[in-house]
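Undergrad: Output the structure for:
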Amino acid sequence: MSSRIPTLDIRRFDTDRDAFVAELGAAYREWGFAGISHHGIAQALIDDAYAAFRDFFALPDEVKRRYHVPGQGGARGYTPFGIETAKGSKHFDLKEFYHVGRELPDGSKYRDVMPPNVWPDEVPEFRARGLALYNALDALGSRVLSALALHIGLPQDFFADKTDFGNSILRPIHYPPITADDIPNVRAGAHGDINFITLLVGASTAGLEVQSTQGEWVPFTSEGDTIVVNIGDMLERLTNHVYPSTIHRVVNPPGDAARQPRYSVPFFLHPNPDFLIDVLPACISADNPSRYPEPITAHGFLEQRLREIKLK
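TA: Residues are numbered from 1 along each chain as shown. Below you'll find the predicted structure:
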């Protein structure tokens, strides 16, 4: 793990809260990224989910495409290779992926903007293992948000009722082997995330790079049980850039390493669709006046951004 971007033991949130919150807040203010270790998510749960996801991506292309839902912006199910493009990029990303969303109760008021999940019949364990990882990362994300709330003077449970039905997404990604040396595409172009926070579990090989405030690219590969957690654009906007949404990318590895597939599973934690992203008064000061006088709903912001990355 690059020592430049801090990794913190989240057990300290229960044993050494004030110092942990201060250190975590400082890491996010500087980097927009941190590693979270000792999170309590069983390695077997993670490994089982990865195995199911790999089994799906190994299916024939025509089978996978049965789970592509046109017109949804990739909200649920499969998105084929060569569609998603980083904002401002001329070249599509070298990846295919699957979206697992929240399982809503019957009669939920959010059903019109949060479609039901799509499950592949060919991998029967995909559903149970995917939802187990979804729920574990959702709970961990809520703990991280509790610490971030405390750091800016909000109640610990400030985010709880604003994310309990969030349009959060678990995204298993397959970056296939790269077989040519001179392609202009990268596995994932430089981008910021749309949501509140992103939790990245077990990226299987190096490639993630984070842009520092000086503009340099800093490698960040998680080791051991570390989960990488970064700030997204919605939280940057809500906190008036106190917590920055840092630009990051996944670069193609050199030489023979590029000929190996890479798997990655980010969890994009979103607020509830009707949550109004309006700059928090605690994050406005003479030195940091409000940058966003017009509020926007989380769903409205998501729709706007999906169009920019060619998923809408």
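Undergrad: which residue packs closest to residue 138, ignoring adjacent ones?
TA: residue 168 (6.1 Å; CB to CB, 6 or more residues apart in numbering). Placement of C-beta: from N, CA and C, glycine included.
Undergrad: and that neighbour, how far is that from residue 18?
TA: 29 Å (CB to CB, to the nearest Å).
Undergrad: and those two? which has more neighbours close in?
TA: residue 168 (25 against 9; other CB atoms under 10 Å).
Undergrad: I'd like to know how far that one sits from residue 276.
TA: Residue 168 sits 18 Å away from residue 276, going by CB to CB.
Undergrad: ok, now residue 61?
TA: Distance from residue 61 to residue 276, by CB to CB: 42 Å.
Undergrad: between the two, which one's more packed in?
TA: residue 276 (13 against 9).
Undergrad: That one contacts residue 299, correct?
TA: No: with contact defined as CB atoms under 8 Å, residue 276 does not count as touching residue 299 (10.4 Å).
Undergrad: Show me where the stretch 1-150 of the chain dips below the pLDDT cut-off.
TA: Within the stretch 1-150 of the chain, the stretches with pLDDT under 70 are 1-3, 82-93.
Undergrad: now the helices for it?
TA: 12-15, 17-31, 43-57, 61-64, 126-151 (DSSP state H, counting those that start in this stretch).
Undergrad: Can you tell me which of those is nearest to residue 190?
TA: Checking those against residue 190 by CB to CB gives helix 17-31 as the closest, at 15.6 Å.
Undergrad: could you say what helices and strands that closest one packs with?
TA: Using 3 or more CB pairs under 8 Å, 6 or more residues apart in numbering; DSSP states H and E, the elements in contact with helix 17-31 are strand 7-9, helix 12-15, strand 33-37, helix 126-151.
Undergrad: Throw the ones you listed into CSV and include mean neighbour count and distance to residue 267, thanks.
TA: Listed next are those as CSV, based on neighbours: other CB atoms under 10 Å; distance: least, CB to CB, whole Å:
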stretch, mean neighbour count, distance to residue 267
strand 7-9, 19, 18
helix 12-15, 14, 19
strand 33-37, 22, 12
helix 126-151, 20, 4
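Undergrad: For residue 80, find the nearest of these.
TA: Using CB to CB, the nearest of the helices and strands packed on helix 17-31 to residue 80 is helix 126-151, at 17.3 Å.
Undergrad: In whichever helix or strand comes after that closest one, which of the residues would be classed as buried?
TA: Following helix 126-151 in sequence order, the next helix or strand is helix 160-163 (DSSP states H and E). Using 16 or more other CB atoms under 10 Å as the test for burial, helix 160-163 gives 162, 163.
Undergrad: just stretch 293-312 next, same as before
TA: Those would be 296, 297, 298, 299, 301, 302, 305, 306, 309, 311, for stretch 293-312 by 16+ other CB under 10 Å.
Undergrad: right, so of the helices of the stretch 1-150 of the chain, which gets closest to residue 98?
TA: For those, distance to residue 98 was read as CB to CB. The smallest value, 6.5 Å, belongs to helix 43-57.
Undergrad: for this structure, what's the longest strand?
TA: Across the chain, the longest stretch assigned as strand under DSSP state E is strand 262-269.
Undergrad: quick one: strands adjacent to whichever helix or strand comes after that one?
TA: With elements assigned by DSSP H and E, the helix or strand that comes after strand 262-269 is strand 276-277. If you go by DSSP bridges, strand 276-277 pairs up with strand 296-297 (antiparallel).
Undergrad: and the helix or strand following the strand it pairs with, what does it pack onto?
TA: Past strand 296-297, further along toward the C-terminus, the next helix or strand under DSSP H and E is helix 298-308. Applying 3+ CB pairs under 8 Å, 6+ apart, one finds that helix 298-308 contacts helix 233-238, strand 276-277.
Undergrad: Make TSV from those and add distance to residue 129 and mean pLDDT to it.
TA: Shown next, in TSV, are the helices and strands packed on helix 298-308 (distance: least, CB to CB, whole Å; pLDDT from 0 to 100):
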stretch	distance to residue 129	mean pLDDT
helix 233-238	28	97
strand 276-277	32	98
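Undergrad: most packed of the ones you listed?
TA: The highest mean neighbour count among those, using mean count of other CB atoms under 10 Å, belongs to helix 233-238: a mean of 22.
Undergrad: Many thanks, I have nothing further to ask.
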